[in-house]
Every structure is written in structure tokens, then in C-alpha cells.
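In: here you go, sequence then predicted model.
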Amino acid sequence: MLNRRRGISEIIGSLMILLIISALGTILYNYSLDAMNYQKNVLESNIKIALDKAQVRIKVISTQSNYSANILNLTILNYGVCSVTIDDVYINNTRVQTYLDGQDTTILPMDLGHINFVSPIPIIQGALYDIVIVSLRGVTHAYRSKM
Amino acid sequence: MMFIKNKGVSTFIAVLLLMALAVAAGVVIYSYTMGYLGGMGGSSLPGTLSLDTATCLESTGTMTAHVRNIGKGSISFDAAYVDGVNATFTATPDPLQPEDVAIVTVTYPFTAPTTYEIKLVGKDNTQLTFNVKTK
């Protein structure tokens, strides 16, 4: 009676299983590392943005109007501890499209900056306008001004 | 008299050899796959939404918001909710690149002078929640 044992040996079988498990473990590790890194980046980014926003303090201290040309000139005080770049201005929720001067100019701490632009809506003497200035970091300063 | 010759390595040495081989193979596979799969994860730089202004009108039934991306990655808008209810919306541009501003318009039967909670959600689960009073 012949007892033929076919198939691979136990050692080769064990090696193959170990290799498969190692490969699967490596792939899983790589993917989970990527996912965890992304979550870490999100958290770090949110904390950094919140810290940056907390340090920014801006205020419009003067508004000058040229009614005939529909041009406004804002004087902005940076009374925070870090520099500020004004990126956008909104008049009555309408975004300013044409800047004459001062956009993307950095205002140092405890310094004044000017921003000069064409109003997107007609400026009428004596009327009230909601003006919002927005920094590059997303910090907004809203105020109501009588022209 | 019979001699039984035990040839080959002992069980203990065999286990040690297997362990050493597995570790070595794992290191080799790890180094290969890290190089190969490393680029498959995509961008790991998140975007962050920030509200510039928002206005809501009963007459048109729309809420218009200027939304800024102050993060490092681009954001594709996925959904808008008004008081937790899914609402139709448009966003221009979409996707929103870093340091850029998008105009998001949400259509909903707004009634004045109610204040609504608006939530914008990106495809990467970036969220922005704000309140706006209807005029």
C-alpha cells in the first residue's frame, strides 16, 4: 500500500503564510498611516488657523468718500500682535471688484494701512452702508458707516 | 544494532530561522510597498472654509454667501443644509482653491425675519456653519 503525500512541505507552507500576512499587514499599515496623518494635518491646520485668527485685531478708523468717482478710502488700524493683509472688502454684501491701492498690502502690528477702491454700489451722501473688511487669514471686521 | 541518524536542524532552530526569514521578508515587502503605495493616498493637505459675508432674502428665496478657503487644499462642495434640512445650492468656483473666494447660493423657502442655521459640507467633510437672518 502506497501512501503518497502530495503538496508543499510544512516549512514552505508556513513561509508562504508568513509572507502573505506580512504583505497584508504592510498594506494595512500604510493605508492606516495615511488616514491618521490626514486627520492629524486637519487638526493641526484648524488649531493654527484658530490661533492666527485669535491674534488678529483690525479696525477701520476712517472712511473717506469721493462721491463723484464712487471711490472709497479706508484707513485700517492693526492693533493685534501679528501682521495683517487685507484681501477683500464688501459693501452691503457686494464684493469690491476694482482696487486702486492697498489690496494685499501687509499692515504691521500697531500700524495704519490704507485701502482704496471703487465701490461696487453707488455711494450716496448721508446713506448708511455695511462695510466688511476681510484679511487673508479670513478674519472679518464689519461695521456700519454713514457716508 | 540499529543507528537512527537525526539529520537536519532542530525544531527550535527551525522556528528561529522562520522568524528571521519572516522579519526579513516583511522588511523587504514593507520597503517596496511603501515606495509603491506611498503616492496612492492623495493630497494630505486639508482645506478650511471661512465666511466673509452672507445675506438672505425672502423675496428671492435665496441665501448668498461669500466663502473663503483659508486652508492648504482645495475643497469641492458636496451639500448644503438649512436648519438640518438638505437644500439645493450652487457654488462658483467649485472646487474652491486655497486663498480663493466662492459665491455659494442656497435656495430654500426662507421667511423673514427668521434666523437660519446654514451648514456647508465639502466632499472631504470640511464644514462651515453659520447663522443668517432673513430680510
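Out: Sure, I can see it.
In: in the sheet, who's paired with residue 86?
Out: Unless you meant another one, I'm taking chain A. Counting by DSSP bridges, A:Ile86 is bridged to A:Ser135.
In: wait, chain B
Out: Counting by DSSP bridges, B:Asn86 is bridged to B:Tyr81.
In: next one: it from chain A, what distance?
Out: For B:Asn86, the distance to chain A (C-beta to the nearest C-beta, to the nearest Å) stands at 24 Å. Where you see a C-beta, it was placed from the backbone N, CA and C, and this is true even at glycine.
In: B:Thr111 contacts B:Thr134, correct?
Out: Yes - judged on C-beta atoms under 8 Å, B:Thr111 makes contact with B:Thr134 at a distance of 6.3 Å.
In: intersection of neighbour lists for the two?
Out: Common contact partners of B:Thr111 and B:Thr134 (C-beta atoms under 8 Å, 6 or more residues apart in numbering or on different chains): B:Glu58.
In: of the two, give the one with the bigger neighbour count.
Out: B:Thr134 (18 against 10; other C-beta atoms under 10 Å in any protein chain shown).
In: any idea of the pLDDT on that one?
Out: You'll see B:Thr134 listed with a pLDDT of 91.
In: who are the contact partners of it?
Out: Contacts of B:Thr134 (C-beta under 8 Å, 6+ apart): B:56-58, B:110-116.
In: rerun at 6 Å
Out: For B:Thr134, the contact set (C-beta atoms under 6 Å, 6 or more residues apart in numbering or on different chains) comprises B:56, B:58, B:110, B:112, B:114.
In: got phi/psi on B:Val9?
Out: With angles defined as degrees, to the nearest 10, B:Val9 sits at phi -90, psi 160.
In: re the thing from before, of the contacts of B:Thr134, grab the buried ones for PyMOL.
Out: Paste this into PyMOL to select the buried members of the contacts of B:Thr134, with burial taken from 16 or more other C-beta atoms under 10 Å in any protein chain shown:
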select buried, chain B and resi 56+110
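In: what is the nearest of the contacts of B:Thr134 to A:Gly102?
Out: The closest of the contacts of B:Thr134 to A:Gly102 turns out to be B:Cys56 (C-beta to C-beta; 30.2 Å).
In: surely the closest one is in contact with B:Thr64?
Out: No - checked against C-beta atoms under 6 Å, the pair B:Cys56 and B:Thr64 is beyond contact range at 7.8 Å.
In: and the pLDDT at residue 93?
Out: Using chain A. With respect to pLDDT, A:Asn93 has a value of 88.
In: wrong one, I was asking about chain B
Out: Reported pLDDT for B:Pro93: 91.
In: and the residue nearest to it when sequence neighbours are not counted, backbone torsions?
Out: In space, and not counting its chain neighbours, B:Pro93 is closest to B:Ala102: 5.9 Å by C-beta to C-beta, 6 or more residues apart in numbering or on different chains. Dihedral pair for B:Ala102: phi -110, psi 150, per degrees, to the nearest 10.
In: tell me the confidence at B:Ala102?
Out: 93.
In: burial count for it?
Out: Per other C-beta under 10 Å, the neighbour tally for B:Ala102 reads 22.
In: surely it and B:Ala65 touch.
Out: No - in this structure, B:Ala102 is not within contact of B:Ala65 by C-beta under 6 Å, at 8.6 Å.
In: residue contacts, residue 115?
Out: Since no chain was named, I'll use chain A. Per C-beta under 6 Å, 6+ apart, neighbours of A:Ile115: A:74, A:86, A:102.
In: correction: the question concerned chain B.
Out: Counting by C-beta under 6 Å, 6+ apart, B:Thr115 makes contact with B:131, B:133.
In: okay, and the beta partners of it?
Out: Applying DSSP bridges to B:Thr115 yields these beta-bridge partners: B:Lys133.
In: now A:Asn73: closest residue in space that isn't a chain neighbour?
Out: Nearest non-adjacent residue to A:Asn73, counting by C-beta to C-beta, 6+ apart: A:Gln64, 4.3 Å away.
In: can you list which of the contacts of B:Thr134 are found in helices?
Out: Secondary structure assignment by DSSP state H places none of the contacts of B:Thr134 in helices.
In: list just the nearest of the contacts of B:Thr134 to B:Ser76.
Out: Closest to B:Ser76, out of all of the contacts of B:Thr134 and judged by C-beta to C-beta, is B:Cys56, at 23.9 Å.
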